[in-house]
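# Below is the sequence, then the predicted model.
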Amino acid sequence: MTNLLVKTFIKNYDCINDPVVRKRYGTLSSIVGIICNIVLFLVKYFIGSLANSISIVSDAFNNLSDCAGCVVTLWGYKMASKPADRDHPFGHGRMEYLTALFLSVIIMFVGVELFRVSASKILYPEHIRFSIASASALIISIGIKLWMSLFNGKIGKKINSSVLSATAKDSRNDVLATSAALAALVISLFSDLPIDGIMGLFVSAFIIKTGFDIAKDTIDDLLGKPADKETVRKIKLLVLENKRILGVHDLVIHNYGPGNLIGSCHVEVDHHENILEIHDVVDSIERRIGSEMGIRMTIHTDPVDSDCQLRNELKDLTSSILSEIDDKLCFHDFRVVQSDSHINLIFDLEVPYKYKYSNDILKQMIDDKLKNYDRKFYTVIIFDSEDNAEDD
């Protein structure tokens, strides 16, 4: 069914990084959601009122709030599809993240309201009237919401959309809430305990947590988080495939919305290389990363004297010392400046986040070990974070 809807209503459905195509996916999800949720609201509100079940009535209003969420999704994808302009030169793709954040707030609001109503139902219990019609309607609702969760989850994964993933989780919450209402309805045949309210409390807590998790993930995307390791690995493989590239570091990925990534990195090349030829090599690597990974890449070249015996020996010595301290420590941009009185070892050092040693203590440890070999050794260290592939 999902593939049929996608192929029927979305032109060029495989171009998932195209903002216009992404807008069509969002529109399809929103329209399907609005239709399903309005039908479910009307059915469950009517049945819940007849059965005097707060779980069913609350679940009905949860479906109505889902309609508002669908409208927000529709608006969010419309805004995200707008092309770049003077005020937003990198496009409007991050509107998808803001939309997901808004949806998380709606989800948490629904959870808090359900918690309030459920607590009231425990304090002031009312008898639930069981009927085959009520149970049948809830079972049908569970089936529809389960399909909606799978539908949004599938297309959300296909286009890497936090909005549709949030919508899928919201539908999953509805499945849980409706299942709880169904269980309370059945248990009412055998017990006068306020099972309705108790079920509602557990469901509301789960809904609130889901909304919080969505908000956290979305805020991480907005604030900037490290690029996923697979993306970093692929970029480094593509860069280092060319034998004239000796190393790669300072890789940074900026995320301006799904499918809109901009990256930069430094590559090491032999200082004897022809600058025009290396420029062509770097250009070809940038184009390849763009075509294969959809990332607009800028590459900076760092010339290194790979033939200098002193540099190579001191680089090996530094590597050995860092391994003695901690094998997690990495360094790059190594060069040597010497005079009659001292020899400076200059390099960038990658340090894990929340490392057990401060930068000053770590530098002192390296200096002390170096001076065991020669008192003329001094270090000039630029400290970097270990996760230097970042998303901003």
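Noted; the coordinates are in hand.
# Now do the same contact list for Asp221.
94, 97, 162, 255, 391 (C-beta atoms under 8 Å, 6 or more residues apart in numbering). Where you see a C-beta, it was placed from the backbone N, CA and C, and this is true even at glycine.
# those strands in this structure, which residues are they?
247-255, 261-270, 295-304, 330-338, 343-351, 377-385 (DSSP state E).
# Redo those strands as CSV? Include distance to Pro125, mean pLDDT and mean neighbour count.
Listed next are those as CSV, based on distance: least, C-beta to C-beta, whole Å; pLDDT from 0 to 100; neighbours: other C-beta atoms under 10 Å:
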stretch, distance to Pro125, mean pLDDT, mean neighbour count
strand 247-255, 50, 87, 19
strand 261-270, 54, 91, 19
strand 295-304, 58, 90, 17
strand 330-338, 63, 85, 17
strand 343-351, 59, 89, 18
strand 377-385, 56, 86, 15
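# export those strands to TSV and tack on distance to Tyr124?
Listed next are those as TSV, based on distance: least, C-beta to C-beta, whole Å:
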stretch	distance to Tyr124
strand 247-255	49
strand 261-270	54
strand 295-304	58
strand 330-338	64
strand 343-351	59
strand 377-385	55
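# which other helices and strands contact the helix or strand bottoming out on mean pLDDT in the chain?
Ranked by mean pLDDT, DSSP states H and E, the weakest helix or strand in the chain is helix 54-80, scoring a mean of 76. Other helices and strands packing on helix 54-80, by 3 or more C-beta pairs under 8 Å, 6 or more residues apart in numbering; DSSP states H and E, are helix 19-51, helix 95-123, helix 132-158, helix 162-187, helix 195-223.
# Of those helices, which is nearest Trp75?
helix 95-123 (7.5 Å; C-beta to C-beta).
# Show the contacting residues for Phe151.
Applying C-beta under 8 Å, 6+ apart to Phe151 gives the contacts 1-2, 5, 29, 32, 168.
# Please apply the same query to Asp270.
244, 246, 303-307.
# Just the closest of those residues to Arg296, please.
Nearest to Arg296, judged by C-beta to C-beta, of the contacts of Asp270 is Arg244 at 22.5 Å.
# Per-residue pLDDT of the closest one, please?
Predicted confidence (pLDDT) for Arg244: 92.
# Now do it: how many residues are near it, please.
Using other C-beta atoms under 10 Å, Arg244 has 13 other residues around it.
# my guess is it meets Val281, correct?
Yes: judged on C-beta atoms under 8 Å, Arg244 makes contact with Val281 at a distance of 5.8 Å.
# Buried residues of stretch 306-313, list them for me.
Across stretch 306-313, burial judged by 16 or more other C-beta atoms under 10 Å covers Arg311.
# I should have written stretch 123-141 there, sorry.
128, 130, 134-135, 137-138, 141.
# Closest one of the contacts of Asp221 to Asp14?
Taking C-beta to C-beta as the measure, Asp14 lies nearest Ser162 of those, at 20.4 Å.
# State the distance from the residue lying closest to the closest one once chain neighbours are set aside to Asp221.
Here the nearest residue to Ser162 in space, its sequence neighbours aside, is Ala100; by C-beta to C-beta, 6 or more residues apart in numbering that works out to 4.2 Å. Ala100 sits 8 Å away from Asp221, going by C-beta to C-beta, to the nearest Å.
# tell me, what's touching those two both at once?
Going by C-beta under 8 Å, 6+ apart, residues that sit against Ala100 and also against Asp221 are Ser162.
# ChimeraX command for the buried members of the contacts of Asp221?
Buried residues among the contacts of Asp221 (16+ other C-beta under 10 Å), as a ChimeraX selection:
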select :94,97,162,255,391
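# Lowest pLDDT pick from the contacts of Asp221?
Asp391 (47).
# any idea of the pLDDT on Ser179?
On the pLDDT scale, Ser179 is placed at 85.
# Repeat that for Ser53.
At Ser53, pLDDT is 64.
# Equivalent analysis for Val21, please.
86.
# Quick one: residues contacting it.
Taking C-beta under 8 Å, 6+ apart, one finds 10-13, 15 in contact with Val21.
# I'd like to know how far it sits from Lys236.
Val21 is 29 Å from Lys236, by C-beta to C-beta.
# picking that back up, let me know the closest of the contacts of Asp221 to Asp66.
Taking C-beta to C-beta as the measure, Asp66 lies nearest Ser162 of those, at 17.1 Å.
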